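[1] Have a look at this prediction, sequence included:
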Protein chains: 2
Amino acid sequence: MARLVQKFGGTSVADVQKIKKAAEITAAAVAEGHEVTTVISAMGHTTDHLIGLAEQIYADPHGASPREMDMLLATGEQVSIALFTMALQSLGQVARSFTGAQAGIITENRHGTARIQEVRSDKVEATLARGEIAVVAGFQGVTESDELTTLGRGGSDTTAVALAASIGADRCDIYTDVAGVYTADPRIITEARCLPSVSYEEMLELAATGAQVMNARSVELAMDNHVPIRVRSTFMPENPGTLITHRVAAPEYTIAGIALDMNSAVLKLKSLSPISDTKPLEGVSALFTRLTELGIQTDMVMVLKREDEPTSELVFTVEKTTLPRVQQLIEALASALGNPLMQVETDIAKVSVVGRRLTNRPEVVAGVFETLNEAAIPVQMVATGDMRVSVLMPARFGRDAVKLIHKKFSLDEGTITV
Amino acid sequence: MARLVQKFGGTSVADVQKIKKAAEITAAAVAEGHEVTTVISAMGHTTDHLIGLAEQIYADPHGASPREMDMLLATGEQVSIALFTMALQSLGQVARSFTGAQAGIITENRHGTARIQEVRSDKVEATLARGEIAVVAGFQGVTESDELTTLGRGGSDTTAVALAASIGADRCDIYTDVAGVYTADPRIITEARCLPSVSYEEMLELAATGAQVMNARSVELAMDNHVPIRVRSTFMPENPGTLITHRVAAPEYTIAGIALDMNSAVLKLKSLSPISDTKPLEGVSALFTRLTELGIQTDMVMVLKREDEPTSELVFTVEKTTLPRVQQLIEALASALGNPLMQVETDIAKVSVVGRRLTNRPEVVAGVFETLNEAAIPVQMVATGDMRVSVLMPARFGRDAVKLIHKKFSLDEGTITV
C-alpha cells in the first residue's frame, strides 16, 4: 500500500464524461489498496471563459483587479472538485472535496502568482485516516488573512507536489493528455521518444524553456522535498509514463530533450542611462525588483555595452501575457532607466536544448549553430547555461529548428551521451 | 447619509452588461453619500448550468451528494461578486468582494437549505469604515467547521436581510426584474397593481403561497430584526417600488394580493395504519420530523379520517423538486406508516388569497368559492388561515382562477377593505 497524490489537469477533466473516466483511475488505485489524494484543475476551457467575462469589463483584468481575478478564477477548480467527488461517490467511493483554503494551502499575499508558504494538511490527513479519498482544488490557496489567491500557470502541479510533500506521499502522479515527458513535443516531432525517466534538474530546464508538461515551480518543490513524480496519460493509464526523480547513476552527460516556446516576447531597452561606477544599473535593478514583486518571470537577460557608446542596452524575454504590465512598469521607471527607447518583439520562437553539464561540452552549442546555419535559420539571441542552450529566432522557424536539432542529436534513437 | 444593503438577483446580473448597469445603481447611491453593501446572486442561468453538469452524474444530485452540490453551486455567486466588484472599480469606486464565508455568514451544518445562525460582519464593517463598498456573495455561508453551505431558494434575499440586520442598515433594497410587489403576477393579470407598501405579515403569506418576489425566510428575518425592505426594479431604479415594513396604521383588514404557485405537488397516503389512542399518528410524526431535518417544507397538510373506515388518509403539498427525496423517505418509513398506498399529483396549481384577519371574514372564502364555482373550476383541496385562503386545482385552471379572483375583489381598483 502506498500513499499517492494524483493530479488531473484541465484536459483530463474537460467534460463530465472525462471526469467520470478520471475518477475510475482514482477508484482503481483505491482498489489496489492505495491511500489517494487527488488534485483537480478547472475543466478544460473554464478559465478562458471566466477571463472572457472579466475582459468585458477590463482589457487587462489581471493587471486592473488582481484580487477580483483570483476570486473569479478560483471558482473553476471548485466546480471540478465537486463534480469529481460526485463521480467518485457514484462509483461507490467515499470522497470529500476541499477548496484550496479548506485543504490548508497557505500562500503569500500576492494575487495571480502566489507562492505556497505552508500546507496545513490536517483535514486531508483526517480524511485519509478515515479511509476516504480527499479531492483538493488545484491552482488556489488562501492567505493568513483569509484572502483567496491563485498560484499562476501550472499551479495545480504545485498544489499536488506541495500536498504530496506535506502528507509524505510516496509518489505524485501527474495525469495529463500526453504519455509522459518526450525528447521534443510529439505534436511536432513524430519521432520524439517518451523518456522512461528524467532527473529533476533536467525537467526543471525543460519546464523553464517551454516544455508544457509540468510547471517549473512544482518540479523545484518536488526536488527540494524528494517527492518522486510520475507524468502519465489519463487516457492510457496503463502506460508507465515518465518518472521524475533524483538521478541515481548519472552518465557523464545527456541531452534530455528539445523544448519549443512560442509564448515569449523580447523587450529591448536602448540608450539606457550611462553605467556609472557608483550606481551600476540602478534603474535596471529597480526594474527587476519590481518584476519579481509582480511575479513576472524573465528569461535570457542580457545587458550589452558597446565600446563606442556611453549608454548600454538591456534585452530580456518575458511571457507575452505579461507584456501590458511590463511595458507599463518600464514607462513608470523611464527616468530611472534614462528614458530608453523601448522595442517589443512578439514574433519569436525560443528553442532550447536541455541536458546536463552543457557548459563543458562546446560541441553541443556548436552542433546547434551548425544545424541552424545549414538550414539558413536566423538566430536573434543565444543564451547558454549549465543545463541548456536557448536560441531565439523568428516564430516561423521554430518547428523546423526543433525537428532539425532533434535529428542532429539522434534523439529518436535514444537519449544520447555525446 | 444612510447605511444601505442592496441585493441584486440573478436576472439583474444575467450578463456582464447587466452587471455594469447594476453597478451604476450602486455607484449612484454612493454618490448620494450612502454607505453601501451589495449582495449578489449567481448570474442568470448559472445555477441551472451547474445543476445540469451534476445531473450528468446523478439523477438527483441534491439528494445523492448534498455537500458536493453546495461546493458546486457556491461558485455561481463567487463569479458574480468578482465581476460586480470589477464593474464598480471600472466606475472609479473602491470595492472589495467577499464570499459568504469571508463575510462571516455562519450557518447550521445542513446542506442545500442551511439557516443562517450568525453574521460575523467585522470584515464588512471594516470595509465600510474605510469608505469602500462591500460586495457579498448571496445564497451561501459556512459552518463553524469551515464547510460550505447554501441557503436554498431565495437565499440571497436572506443573506441581504441578515447582513442588513447585523450591520444595522437603515434599509435593505431588493433589486429585481419587477417593479415591486403586485396584487397578482403582472405577467398574468395586466391590471395587477404595484403595492406602494405591504406589511411583513402579508408579504410572508404572499411569499409562502408562491409569489416569487421574495423568499419567506428573509421576510421573517426582516420582521424580527425590524429591517425595512424596499423591493424595486433594477431596470427602472427611479421607481420607488414597494416598501415592506411594520404596518403603522392598519385598516380593519385588507386583501393584499393573489398568489399563484405552479411548483407544488400533492402527496396522498391512503390506508395509513389505524390511529390508536396510545400512538396517534406515530408514523406521520416520524415522517414530518425527517422532512424538517431534510429542510423540505410542506404546506396544506390534512389528515382525513372517514367514519366508516379504521384507517386514515394523509394529504400534503411539497415543492415538486423535492418529490424524489420525499417518495424515498415515505418508502423508508412504509411500515411505520402502515404500508400506505401512495399517490402523487403534479398537475396542480395553488391559488392563494392573502390578506389580514381572513378567518374573521367568511365572505372572503365565500367569494373565492363563488368565483370558482361560476367558472366551473374544480377545487381539489382548500386550506384557510388567518392571513390566507389557498385552493388547489388542476394546473390548467390556475391562471384563470387568479384573474377571476383578482377581478372579484376589485384589486385593480386599489387595495380593498371589505
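    Thanks, I have it. Numbering: from 1, shown residues only, chains lettered A, B, ... in the order given.

[2] what's the closest non-adjacent residue to the residue of the stretch 301-418 of chain A found nearest chain B?
    Chain B sits closest to residue A:324 of the stretch 301-418 of chain A, with a gap of 16.0 Å, by Cβ to the nearest Cβ. Backbone N, C-alpha and C define where each C-beta goes, glycine included. Nearest-residue entry for residue A:324: residue A:60, 4.8 Å, with adjacent residues in sequence omitted and distances by Cβ to Cβ, 6 or more residues apart in numbering or on different chains.

[3] In terms of helices and strands, where is residue A:178?
    Using DSSP states H and E, residue A:178 is not contained in any helix or strand.

[4] burial measure for residue A:363, as a count.
    The number of residues packed near residue A:363 is 11, by other Cβ atoms under 10 Å in any protein chain shown.

[5] okay, it: pLDDT?
    We have a pLDDT of 76 for residue A:363.

[6] Follow the chain on from the helix or strand containing it and name the next helix or strand.
    Using DSSP H and E, residue A:363 sits in helix A:362-374. On the C-terminal side of helix A:362-374, the closest following helix or strand by DSSP H and E is strand A:381-384.

[7] elements contacting that following strand?
    Judged by 3 or more Cβ pairs under 8 Å, 6 or more residues apart in numbering or on different chains; DSSP states H and E, strand A:381-384 is in contact with strand A:298-305, strand A:388-394.

[8] Each with direction, which strands does it pair with?
    Here strand A:381-384 is paired, per DSSP bridges, with strand A:388-394 (antiparallel).

[9] can you give me the mean pLDDT across the helix or strand just after the partner strand?
    As assigned by DSSP H and E, the chain's next helix or strand after strand A:388-394 is helix A:398-408. The pLDDT scores in helix A:398-408 average 92.

[10] now stretch A:337-353
    Regarding stretch A:337-353, the rounded mean pLDDT is 89.

[11] Pull out the buried positions in it.
    Applying a neighbour-count criterion of 16 or more other Cβ atoms under 10 Å in any protein chain shown, one finds A:337, A:338, A:340, A:342, A:345, A:348, A:349, A:350, A:351, A:352, A:353 buried in stretch A:337-353.

[12] How much space separates the most centrally placed residue in chain A from residue A:256?
    For chain A, the residue nearest the mean C-alpha position is residue A:215 (2.3 Å; Cα atoms, centre = their mean). Separation of residue A:215 from residue A:256 (Cβ to Cβ, to the nearest Å) stands at 17 Å.

[13] same check, this time on residue A:241
    Note on residue A:241: its distance to residue A:256, by Cβ to Cβ, is 15 Å.

[14] Neighbour count: the two, which is higher?
    residue A:256 (28 against 24).

[15] My guess is that one contacts residue A:182. True?
    No: contact criterion Cβ atoms under 8 Å: residue A:256 and residue A:182 do not qualify, at 9.9 Å.

[16] Need the residues touching each of the two.
    The contact sets of residue A:256 and residue A:182 overlap at residue A:195 (Cβ atoms under 8 Å, 6 or more residues apart in numbering or on different chains).

[17] hmm, back to that, mind putting the helices and strands packed on strand A:381-384 in TSV, distance to residue B:94, mean pLDDT and mean neighbour count included?
    Listed next are the helices and strands packed on strand A:381-384 as TSV, based on distance: least, Cβ to Cβ, whole Å; pLDDT from 0 to 100; neighbours: other Cβ atoms under 10 Å in any protein chain shown:
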stretch	distance to residue B:94	mean pLDDT	mean neighbour count
strand A:298-305	32	74	15
strand A:388-394	42	88	23
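
[18] Which of those sits closest to residue B:138?
    strand A:298-305 (42.4 Å; Cβ to Cβ).

[19] Toward the C-terminus, what is the element adjacent to that closest one?
    Following strand A:298-305 in sequence order, the next helix or strand is strand A:312-319 (DSSP H and E).

[20] Residue A:349 falls within a strand, correct?
    Yes: membership of residue A:349 in a strand is supported by DSSP: H, G, I helix; E, B strand; the rest coil.

[21] Ignoring the adjacent residues along the chain, who's closest to it?
    residue A:398 (2.8 Å).

[22] swap in residue A:340?
    Spatially, and ignoring its direct neighbours in sequence, residue A:340 is nearest to residue A:269 (4.0 Å; Cβ to Cβ, 6+ apart).

[23] show me what contacts that neighbour?
    A:313, A:314, A:315, A:330, A:337, A:340, A:341, A:342, A:343.

[24] Show me what it is bridged to.
    Beta bridges link residue A:269 to residue A:314, residue A:342, judged by DSSP bridges.

[25] What strand or helix carries residue A:71?
    Here residue A:71 sits within helix A:66-90, counting by DSSP H and E.

[26] quick one, that helix and helix B:66-90 angle?
    Interaxial angle of helix A:66-90 relative to helix B:66-90 (axes from the mean of the first three to the mean of the last three Cα atoms, to 10 degrees): 160 degrees.

[27] starting at the chain centroid, how far to helix A:66-90?
    Put simply, helix A:66-90 sits 21 Å off its chain's centre (Cα atoms, centre = their mean, to the nearest Å).

[28] what comes up buried for the strand or helix carrying residue A:202?
    Assigning secondary structure by DSSP H and E places residue A:202 in helix A:200-208. For helix A:200-208, a neighbour-count test (16+ other Cβ under 10 Å) marks A:200, A:201, A:202, A:203, A:204, A:205, A:206, A:207, A:208 as buried.

[29] Please compare these by their distance to chain B and name the closest.
    Chain B has its nearest neighbour among the buried residues of helix A:200-208 in residue A:207, at 29.5 Å by Cβ to the nearest Cβ.

[30] Contact partners for the closest one?
    Contacts for residue A:207 (Cβ under 8 Å, 6+ apart) come out as A:154, A:213, A:214, A:215, A:216, A:219.

[31] wait, isn't the last one in contact with residue A:203?
    Just to be clear, that refers to residue A:219. Yes: when contacts are counted by Cβ under 8 Å, residue A:219 is listed as touching residue A:203 (4.8 Å).

[32] list the residues that contact both of the two?
    A:229, A:244.

[33] quick revisit: what's the closest of the buried residues of helix A:200-208 to residue B:70?
    residue A:207 (36.3 Å).

[34] where's the closest residue in space to the closest one that isn't next to it in sequence relative to chain B, distance?
    Spatially, and ignoring its direct neighbours in sequence, residue A:207 is nearest to residue A:216 (4.0 Å; Cβ to Cβ, 6+ apart). According to Cβ to the nearest Cβ, to the nearest Å, residue A:216 and chain B sit 28 Å apart.

[35] for residue A:216, what are its contacts?
    Contacts of residue A:216 (Cβ under 8 Å, 6+ apart): A:154, A:204, A:207, A:208.

[36] ok, 10 Å please
    A:153, A:154, A:157, A:158, A:203, A:204, A:205, A:206, A:207, A:208, A:209, A:297 (Cβ atoms under 10 Å, 6 or more residues apart in numbering or on different chains).

[37] okay, the fourth one: pLDDT?
    According to the model's per-residue confidence, residue A:158 sits at a pLDDT of 96.

[38] gap between the particular helix or strand that has residue A:51 in it and the chain center?
    Taking DSSP H and E as the definition, residue A:51 sits inside helix A:46-54. Chain-centre distance of helix A:46-54: 20 Å, with Cα atoms, centre = their mean.

[39] With stretch A:117-124 instead?
    On Cα atoms, centre = their mean, the centre of stretch A:117-124 falls 23 Å from that of its chain.

[40] Can I get that stretch as PDB, trimmed to CA atoms?
    What follows is stretch A:117-124 as a C-alpha-only set of coordinates in PDB (Å, rounded to 0.1, in the frame of the first residue of the first chain):
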ATOM      1  CA  GLN A 117       4.200  29.100   2.000                       C
ATOM      2  CA  GLU A 118       2.800  26.300   4.000                       C
ATOM      3  CA  VAL A 119       0.400  23.300   3.800                       C
ATOM      4  CA  ARG A 120      -1.800  22.700   6.800                       C
ATOM      5  CA  SER A 121      -2.900  19.300   5.700                       C
ATOM      6  CA  ASP A 122      -4.600  18.100   8.900                       C
ATOM      7  CA  LYS A 123      -8.100  18.000   7.300                       C
ATOM      8  CA  VAL A 124      -6.800  16.000   4.300                       C
END
